[in-house]
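Novice: After the sequence you'll find the predicted model.
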Amino acid sequence: IFIQTDLEVAMARNNQRARTIPPKIVEKSHKAAQTVRKMLRKSMGRDYHEILNNEEGKLDTSLSGKLTTWANKPNSTALEVSGVGLIITEAVGVEMAGRISPGCLSLCSDAQEACLKRVVDFCQTFGNTTMGIQLSHAGRKGSTDLPWLSGKPIAAADPRGWATEAPSATPYAPLGWETPVALDEAGLARIKVAFVNAAVRADRIGFEVAELHAAHGYLLHQFLSPLSNLRTDNYGGTLENRMRFPLEVFDAVAAVWPKHKALGVRFSATDWVARSSWDIAESTRFAAELKTRGCDFIDVSSAGNSPEQNIEVGPGYQTGFAAEIRRHTQMPTMAVGQITEPHQAEAMIRSGQADMVALARGMLNNPRWAWQSNRIRRTASPPHPHTDSRWWADYHGPHARVQLPRAAHPHPPPHTRHPPNHPTPPT
């Protein structure tokens, strides 16, 4: 089990009560402002002032791309001793303009490197979980507000915003989003160097795993998808051309990342948009190309590149993509997406759908998820795919909670085809 955790989300949830206080009430009542301060001081420690802006009840974070004390110690430490095998940070911008929001992390300065090193050193001193970092560039989806402040785009003219860049001058959505600058050769070279420099810093910090973020509509995904990549040069058009820049970034990072440390890629297996060719077939070819370049693992997610997306959400709804790509490429694969129950995660591993399972919200809500799951496994073994009717009911058929690829479906024993206590599925 490993965690992909967004420190900003954790911080936001910790301050949910503060968000519910209307600013006007705080402005009118000094007593209310003191109450907010006391609550934040108790829950976050010394750096509560980094979140509360004076007495107006407005939540904010530093614009420097550095960690706050809350993200630095309480949150990271709780996850470090949670019993998981690997922790991967939130998406860390390889340059300031590569962040998603002004409150997101970045790794392009000595000060940012020092902050992250304190976290990793602390966790490695008091815990035994491997630490990983996710390196990213938001591209045209950058310069957006903090999630608890609407998450809407921030204009480049705003002091908290910046001009965005993308493969083509096409905004993420027609309304509310500024048109990004189409990257030229100099821009592509600059961003490639930024990924390399961030990887070098990550190695110095002590991270043992690096993951390049090519999912959820961020820059590398924007190159992969024909929805956002309208280029007519060597970086656009055919799948080979659309894969070119993400693969060049991977090669450049692999050249500086130590061979004894794992290097992987997270990507969206499909855009979930009917008119897009970026689907399981193309993403499988992308994974195969990564394998030839020495990629150690893939982390299979989906969507995020278009407001047109029509996602079929449900428990483990992305696991089928991970299983299909793993079957074709034989690459070590992570599955992610609404994996919440221990037996659900165990079945994914046992059935060969994935080699690892990733949790985000589940671990933020309950940092002891792994410990408790282990207790459940010892007291009640998970259903077996060939002898227990619960497994067949939960993981097969039109009412399955977790869909397996067709090739992964074992033939059930006769007595489990329509197991007891489960009605025959309607035709």
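Specialist: Structure received.
Novice: check which helix or strand covers Cys115.
Specialist: Using DSSP states H and E, Cys115 maps to helix 110-126.
Novice: now the stretch 251-400 of the chain, which segments are flagged as low pLDDT?
Specialist: Flagging of the stretch 251-400 of the chain using pLDDT under 70 yields the residue ranges 377-400.
Novice: Going along the chain, name the strands of this structure.
Specialist: All strands of the chain, identified by DSSP state E, fall at 2-4, 52-53, 58-59, 86-93, 130-136, 165-166, 181-182, 209-214, 262-268, 297-301, 333-336, 356-359.
Novice: Does anything pack onto the helix holding Cys115? Which helices or strands?
Specialist: helix 76-80, strand 86-93, strand 130-136, helix 185-205 (3 or more C-beta pairs under 8 Å, 6 or more residues apart in numbering; DSSP states H and E). (C-beta placed from N, C-alpha, C; glycine too.)
Novice: if we can go back for a sec, okay, the strands of the chain in TSV with distance to Arg244 and mean neighbour count next?
Specialist: Formatted as TSV, the strands of the chain follow (distance: least, C-beta to C-beta, whole Å; neighbours: other C-beta atoms under 10 Å):
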stretch	distance to Arg244	mean neighbour count
strand 2-4	27	23
strand 52-53	44	17
strand 58-59	41	16
strand 86-93	22	25
strand 130-136	19	25
strand 165-166	16	24
strand 181-182	16	14
strand 209-214	13	26
strand 262-268	15	24
strand 297-301	18	25
strand 333-336	24	24
strand 356-359	28	23
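Novice: if we compare those, which one ends up closest to Ala111?
Specialist: Across the strands of the chain, the minimum distance to Ala111, taken as C-beta to C-beta, is reached by strand 86-93, at 14.0 Å.
Novice: before we move on, the earlier item: minimum distance to Ser150: which of the strands of the chain has it?
Specialist: Closest to Ser150 of the strands of the chain is strand 58-59 (C-beta to C-beta; 11.6 Å).
Novice: what does the average pLDDT come to for the closest one?
Specialist: Mean pLDDT, computed over strand 58-59, is 30.
Novice: start the count at 32, not 1, going forward
Specialist: Done: numbering now begins at 32, and the last item shifts to strand 89-90.
Novice: so Tyr266 touches Leu255, yeah?
Specialist: No - here Tyr266 lies out of contact with Leu255, judged by C-beta atoms under 8 Å, at a distance of 10.7 Å.
Novice: Of these two, give the one with the bigger neighbour count.
Specialist: Neighbours per residue (other C-beta atoms under 10 Å) separate Tyr266 from Leu255, with Leu255 holding more: 28 against 20.
Novice: what sits against the more buried one?
Specialist: Contacts were defined as C-beta atoms under 8 Å, 6 or more residues apart in numbering; by that measure Leu255 touches Ala245, Arg273, Met274, Pro277, Phe298, Trp309, Glu313, Ser314, Phe317.
Novice: Out of those residues, which is nearest to Gln340?
Specialist: Comparing the contacts of Leu255 against Gln340 with C-beta to C-beta places Trp309 closest, at 11.1 Å.
Novice: How many residues are close by Lys97?
Specialist: Applying other C-beta under 10 Å, we find 20 other residues in the vicinity of Lys97.
Novice: Can you tell me, leaving aside adjacent residues, what's nearest to it?
Specialist: Spatially, and ignoring its direct neighbours in sequence, Lys97 is nearest to Cys146 (4.5 Å; C-beta to C-beta, 6 or more residues apart in numbering).
Novice: same thing with Met274?
Specialist: Once its chain neighbours are removed from consideration, Met274 has its nearest residue in Phe317; the separation is 5.6 Å (C-beta to C-beta, 6+ apart).
Novice: how many neighbours does the one you found have?
Specialist: 23.
Novice: is it true that it touches Phe298?
Specialist: Yes - the criterion here is C-beta under 8 Å, and Phe317 meets it with Phe298 at 6.5 Å.
Novice: picking that back up, quick one: common contacting residues for Tyr266 and Leu255?
Specialist: Counting by C-beta under 8 Å, 6+ apart, the contacts common to Tyr266 and Leu255 are Arg273.
Novice: And His247, how close does it get to Ala300?
Specialist: Counting by C-beta to C-beta, to the nearest Å, the gap from His247 to Ala300 is 12 Å.
Novice: Any idea which of the strands of the chain gets closest to Lys183?
Specialist: Across the strands of the chain, Lys183 has its closest neighbour in strand 89-90 (15.1 Å, C-beta to C-beta).
Novice: re earlier: now distance to Arg358 too, for the strands of the chain, in TSV please.
Specialist: Listed next are the strands of the chain as TSV, based on distance: least, C-beta to C-beta, whole Å:
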stretch	distance to Arg358
strand 33-35	21
strand 83-84	50
strand 89-90	45
strand 117-124	23
strand 161-167	25
strand 196-197	33
strand 212-213	37
strand 240-245	21
strand 293-299	17
strand 328-332	12
strand 364-367	9
strand 387-390	16
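Novice: Ramachandran coordinates for Gly114?
Specialist: Recorded main-chain torsions at Gly114 are phi 90, psi 10, according to degrees, to the nearest 10.
Novice: I'd assumed Asn405 was in contact with it.
Specialist: Yes - with contact defined as C-beta under 8 Å, Gly114 and Asn405 form a contacting pair (7.0 Å).
Novice: Neighbour count for the two, which is higher?
Specialist: Between Gly114 and Asn405, counted using other C-beta under 10 Å, the more crowded position is Gly114 (18 against 13).
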